[in-house]
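> Structure for this input, please:
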Amino acid sequence: MPVLTLLSSPARRDLTEAAVREAAAGRWVGEIRWLAPGAAVEAPVDGPDTVDDQVWARWQELGVDVVVQPDGERRRRVLLADMDSTMIEQECVDELAARAGAGEQVAAITARAMNGELDFAEALHARVALLRGLPETVVDEVIRDRLTFTPGGEVLVATMRAHGAYTALVSGGFTQFTRVVAGRLGFDEHRANTLEVEDGRLAGRVVLPVLGQEAKAAALEQIAARLGHAHQDVLAVGDGANDLPMLRLAGTGVALHSKPVVSAQVPVRVNHGDLTAALFLQGYAEADLVHPA
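Reported below is the predicted structural model:
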């Protein structure tokens, strides 16, 4: 039997049982289970395991994410997460470009690439070329001064690891950032592109081959196979067009605060909750969550 989940911002906690009944639109057939009082709730429903687009849009206006998932085991054994604008709140290449005086130009290219309007690899090469000559130390400065972590990220990683899941940060960004972000959030491994450095300065190139959208899907296949898991055992979280193959391939692909092209193609969409929403969607309750010291 499909499961209906409603999520709101953890800061609001204004969901009610009446909202569940209304969102179910006559399909509600079982016990309502509160996962986080006022912020996350689920209930079994009858009928298709999808949400009508008009229903979804109406609840979005009310600040509520509505998701219906198929019946069956929802707790995943592997977490694959994007970094930029997913596990952190920035786009690292944009932050570097701002230090190079090309912030607006690069940010415009990034926005188009993440919405699928430009080839990812070509857009990456074009942006990185504008970083040429920056001191390598700028990376450390951006990490120190600019990077902020998306709320719920540490809890997502810690909770899944505590329940036996393997976690990987898979980014189209740069290893100079993923090694720090993965370390701070507790990921088991990280994969990304690498900025070339010459004589202590960025060379304006990335080490080939480029880790783009197909490489993210390949990472999912490789990691799952290595661990003896199926694609269905993977939870993937991302926001950009380069995440789409990974999100489609995973057992649960979560489009988190995603670009329009992603929201149009991924049925599990979270725009109001934080990263703990990925846990509630798996049926974890607030009491199950692990908060790192």
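
> Show me what the longest helix along the chain is in contact with.
The residue-count maximum for a helix in the chain (DSSP state H) belongs to helix 213-227. Here helix 213-227 makes contact (C-beta atoms under 8 Å, 6 or more residues apart in numbering) with 77-78, 80, 82, 120, 166, 168, 170, 172, 189, 191, 209, 211, 230-231, 233-234, 236, 238, 241-246, 249-250. Bear in mind the C-beta positions are built from the backbone N, C-alpha and C, glycine included.

> The residues you listed in strands, which ones?
78, 80, 166, 168, 170, 172, 189, 191, 234, 236, 238 (DSSP state E).

> Just the closest of these to residue 64, please.
Distance from residue 64 was checked for each of the ones in strands among the contacts of helix 213-227 by C-beta to C-beta. The minimum falls on residue 238, at 21.7 Å.

> Based on its surroundings, how many neighbours for that closest one?
Residue 238: 34 surrounding residues under other C-beta atoms under 10 Å.

> Ok, residue 31 next?
Other residues lying near residue 31 total 8 when counted by other C-beta under 10 Å.

> In a helix, it, correct?
No. If the criterion is DSSP: H, G, I helix; E, B strand; the rest coil, then residue 31 is coil and not within a helix.

> who does the nearest residue to it once chain neighbours are set aside bridge with?
Of all residues not flanking residue 31 in the chain, residue 43 sits nearest, at 7.0 Å (C-beta to C-beta, 6 or more residues apart in numbering). Using DSSP bridges, the beta-bridge partners of residue 43 come out as residue 4.

> For residue 43, give me its contacts.
With contacts taken as C-beta under 8 Å, 6+ apart, residue 43 has the following neighbours: 3, 4, 20, 24, 28, 30, 31, 32, 33.

> Wait, the third one touches residue 7, no?
In other words, residue 20. No. Counting by C-beta atoms under 8 Å, residue 20 sits too far from residue 7 to count as a contact (11.6 Å).

> So the two - more neighbours on which side?
Neighbours were counted for residue 20 and for residue 7 using other C-beta under 10 Å; residue 7 has more, 27 against 21.

> Model confidence score at that one, please.
For residue 7, the pLDDT comes out at 97.
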